[in-house]
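Peer 1: everything below, folded, please.
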Amino acid sequence: MLDPKRIWSSSQLPTLPGVAAKLLELIKDPETEMRQVVEVISSDPAISAKMLKAANSSFFGLSSEVRTIDRAVPLLGTTVATSLALSFSLTDEAMSRGLAADHYQAYWRLSIVQACAAEVLALRYQPAQAGEYFLCGLLLDLGRLAMLKTIPREYLGFLSNPANQLKPLAESERAEFGFCHVEIGSKLMEHWKLPSTLVEASRLHHASAEELAAQDDSPQKQIFSCMAVAANTGDYFCTALRGEALERLRTLTTREWNMSDDELDGFLRNVDERVKLAGDLFKVDMSQLGSPSDLMLEANEQLAQLTMREHLANTQATVRRETVEAEMRILESKNVELQEQALHDPLTKLYNRRFFDETFSKEMFRCMRTASPVGIIFGDVDHFKKLNDTYGHQAGDEVLKRVADLFRETGRNSDTIARFGGEEFVILVSQPTEKGLEKFAERIRDRIANENFSYNGVTMRVTISLGAVLMVPGRQTQDGQKDLIAAADACLYESKQNGRNRVTSRSLIAASERQLLMLVSQQRFSRWLAVHSMLDVPTLSRILIDFPPQSVLIGELAVRNKLLTSEQVEEILVVQKNDDARFGEIACKKGWLTDRQLSLLLAWQHENPKQLAAELIRQGLLAPQVAAACLEDYLRTALAESACVPA
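Peer 2: Residues are numbered from 1 along each chain as shown. Have a look, this model is predicted:
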């Protein structure tokens, strides 16, 4: 348990911005004049500029351009102007860099969804209170901001633990710390001397339908119910507990406003529209939120799993799902057609040079960040000009199309195969190894050499020369893409010089990097499963082709597993500003990580063992009990020599 005094005594505790504090005092007084509000806002040039931009944004949809604060404030209203002033200030409070940035962004996305949901409800049932409801929705999770800023190490570790996402946040917080963000937020709002109605609405925003029913006689019942709906709308859009949030929304909106399922669906779509506009207004990226249709589908799927009595959904939800799926199929078909035109070579139907260059650049950047190998194979049809001169260009085109088919049939879905130009082909190989890259290139050469090529009844002898190269780019490699292409081209030229119809391969990986890659490979959960004969290598390879690596920095992973402190991570990042060395290399030189610990962290970064176990269960390849036992044995063995705590 954590002593909450640490929060209240912290110098990082959020404070109420001066302009917002003055505005809140003014709107409490019914005698306040509009000019006083204008004077307070005008005293802060930054907020004034943002207020003018907001007034002219599509969020408010005013009919004519607003050029002065004197005109903007009367048009927006004092409550809305106060909400915006506090919102803009809190936006700055809720932004951060470093390991905590994603969690601050998540906090602000949730706050915007809750504010928009409260506003949409107010516009339906209490139009005059829309500005106040928006402000209240924005502040509902203020306690999360306070905890992020005052106890960052403990709270970030808590938020990063997937197990804590399986229950409502407040419930998990109480189990971990002995208090939750609701209590912290309400107390902070009291400290700021915000109106008591806002404070009480914040305290009750996670209340159940039964708890809200106890407030039926309260004159503030409407705002209490509205904030409870806003909070569940935030959970619906922003958390993994989407199905449970939807069930609570149905219960609350039916009881309080007698909403039907279609009306609730319309409400969520209205919220989605306002959220997109608000994201633009506050410069917050809302692209991670799914569309209303996708969210509804996922929520209903969760409910079907959680409640056996409903199975997949009622008839109305089924019709809605089928309609959405039909629309998605039409959109996917159109997207495929457009991609075919923009990204593919018209003759061979392989990817074109432009798409390959863009994909190669992204893969090179990813490998630079994660110290992963990147490999390419260049192929050039032998004596292609002679073939064209002998049989004609149409025959040459047919040869290129069949060669492309053989590349496609030999490659994997995760590999990027492109026509590089003329009779040249290139493959960006997914998750390459030295031996695997050479064998892959040899399979292609063999397929083409043994293929029967013919055109108009004439048989043609066709072969191909290939060059394959593998490297691990440095953290600040400038020309890695050009160097790798040049090396592959040189290998291809060597194959041509040595008689054609052959493969020349080369590794640009240093001995130390090769040793580290070997250690990483040995410590992967997939390798453990293969060694212990739980699954065969082809099956595991098929799973891993579409199994994404963790999108987490090695420093964050080390902190999460209690191998490094946040202070050590920051010190390493400072060193990296003037050093091309990788994060793990610096940590090992300082004696903070062993080679064994580093290789295990890299193995987990490339392949999360818990996620892999879950995927094997999902595909029915391992029974849940067997997968759990395998994971436990693997972790016990892997951790024995490294003292890691699995995240």
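Peer 1: contacts and neighbour counts: CA atoms only from here.
Peer 2: Noted.
Peer 1: now do the helices in the stretch 101-250 of the chain.
Peer 2: Under the criterion DSSP state H, counting those that start in this stretch, the stretch 101-250 of the chain contains helices at 101-125, 130-139, 142-150, 152-160, 169-177, 181-191, 196-203, 209-213, 221-238, 242-257.
Peer 1: out of those helices, which comes closest to N56?
Peer 2: For N56, the closest of the helices of the stretch 101-250 of the chain is helix 130-139, at 16.9 Å, according to Cα to Cα.
Peer 1: okay, that closest one in CSV with CA atoms only?
Peer 2: Listed next in CSV are the C-alpha coordinates belonging to helix 130-139 (Å, rounded to 0.1, in the frame of the first residue of the first chain):
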residue,chain,number,x,y,z
ALA,A,130,-23.7,22.2,-21.9
GLY,A,131,-20.6,24.2,-21.0
GLU,A,132,-20.7,23.2,-17.3
TYR,A,133,-21.2,19.6,-18.3
PHE,A,134,-18.3,19.7,-20.7
LEU,A,135,-16.0,21.1,-17.9
CYS,A,136,-17.2,18.5,-15.4
GLY,A,137,-16.6,15.6,-17.9
LEU,A,138,-13.1,16.9,-18.6
LEU,A,139,-12.3,16.8,-14.9
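Peer 1: hang on, the earlier thing: columns mean neighbour count on top of the helices of the stretch 101-250 of the chain, output as JSON lines?
Peer 2: Below are those laid out as JSON lines (neighbours: other Cα atoms under 10 Å):
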{"stretch": "helix 101-125", "mean neighbour count": "23"}
{"stretch": "helix 130-139", "mean neighbour count": "26"}
{"stretch": "helix 142-150", "mean neighbour count": "23"}
{"stretch": "helix 152-160", "mean neighbour count": "16"}
{"stretch": "helix 169-177", "mean neighbour count": "16"}
{"stretch": "helix 181-191", "mean neighbour count": "19"}
{"stretch": "helix 196-203", "mean neighbour count": "20"}
{"stretch": "helix 209-213", "mean neighbour count": "14"}
{"stretch": "helix 221-238", "mean neighbour count": "25"}
{"stretch": "helix 242-257", "mean neighbour count": "19"}
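Peer 1: in CSV, list the ones you listed along with distance to T390 and mean pLDDT.
Peer 2: Below are these laid out as CSV (distance: least, Cα to Cα, whole Å; pLDDT from 0 to 100):
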stretch, distance to T390, mean pLDDT
helix 101-125, 61, 88
helix 130-139, 74, 85
helix 142-150, 73, 88
helix 152-160, 65, 88
helix 169-177, 73, 90
helix 181-191, 78, 89
helix 196-203, 82, 89
helix 209-213, 82, 82
helix 221-238, 64, 91
helix 242-257, 65, 89
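Peer 1: nearest to S287, out of these?
Peer 2: With Cα to Cα as the criterion, S287 lies closest to helix 101-125 of these, at 9.9 Å.
Peer 1: and that closest one, how far out from the chain's middle?
Peer 2: 19 Å (Cα atoms, centre = their mean, to the nearest Å).
Peer 1: show me where the stretch 451-600 of the chain dips below the pLDDT cut-off.
Peer 2: 476, 548-551 (pLDDT under 70).
Peer 1: what about the strands in it?
Peer 2: Secondary structure of the stretch 451-600 of the chain (DSSP state E, counting those that start in this stretch): strands located at 453-455, 458-460, 464-471, 503-507.
Peer 1: the stretch 301-450 of the chain now?
Peer 2: Going by DSSP E, counting those that start in this stretch, the stretch 301-450 of the chain shows strands at 374-381, 416-421, 424-429.
Peer 1: returning to what we had before: out of the helices of the stretch 101-250 of the chain, which comes closest to E358?
Peer 2: helix 101-125 (25.9 Å).
Peer 1: hey, which of the strands of the stretch 451-600 of the chain is tucked in deepest?
Peer 2: Neighbour counts (mean count of other Cα atoms under 10 Å) averaged over each of the strands of the stretch 451-600 of the chain peak at strand 464-471, with a mean of 28.
Peer 1: now for it, which elements pack on it?
Peer 2: strand 374-381, helix 434-449, helix 480-497, strand 503-507 (3 or more Cα pairs under 8 Å, 6 or more residues apart in numbering; DSSP states H and E).
Peer 1: please repeat the previous calculation with a cut-off of 6 Å.
Peer 2: In terms of contacts (3 or more Cα pairs under 6 Å, 6 or more residues apart in numbering; DSSP states H and E), strand 464-471 is packed against strand 374-381, helix 480-497, strand 503-507.
Peer 1: that strand vs helix 434-449, what angle?
Peer 2: For strand 464-471 and helix 434-449, the angle between their directions (axes from the mean of the first three to the mean of the last three Cα atoms, to 10 degrees) works out to 170 degrees.
Peer 1: distance from the chain centre to strand 464-471, please.
Peer 2: For strand 464-471, the distance to the chain centre is 34 Å (Cα atoms, centre = their mean).
Peer 1: ok, that strand: who's next to it in the sheet?
Peer 2: Strand 464-471 pairs in its sheet with strand 374-381 (antiparallel), strand 503-507 (parallel), by DSSP bridges.
Peer 1: pull the CA atoms of the first one into CSV?
Peer 2: Included here for strand 374-381 are C-alpha records, laid out as CSV according to Å, rounded to 0.1, in the frame of the first residue of the first chain:
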residue,chain,number,x,y,z
VAL,A,374,17.5,-6.9,-41.9
GLY,A,375,18.1,-8.9,-45.0
ILE,A,376,17.4,-8.5,-48.7
ILE,A,377,17.7,-10.7,-51.8
PHE,A,378,18.4,-9.3,-55.3
GLY,A,379,17.6,-11.4,-58.3
ASP,A,380,18.3,-10.7,-62.0
VAL,A,381,17.1,-12.9,-64.9
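Peer 1: just the residues contacting that strand, thanks.
Peer 2: The contact list for strand 374-381 (Cα atoms under 6 Å, 6 or more residues apart in numbering) reads 423-429, 432, 464-471.
Peer 1: over to the shortest one?
Peer 2: By Cα under 6 Å, 6+ apart, the surrounding residues in contact with strand 503-507 are L466, G467, A468, V469, L470, C491, S495.
Peer 1: so who does the second one touch?
Peer 2: Put plainly, it is G467. Counted by Cα under 6 Å, 6+ apart, G467 has contacts I377, F378, A488, C491, L492, V503, T504, S505.
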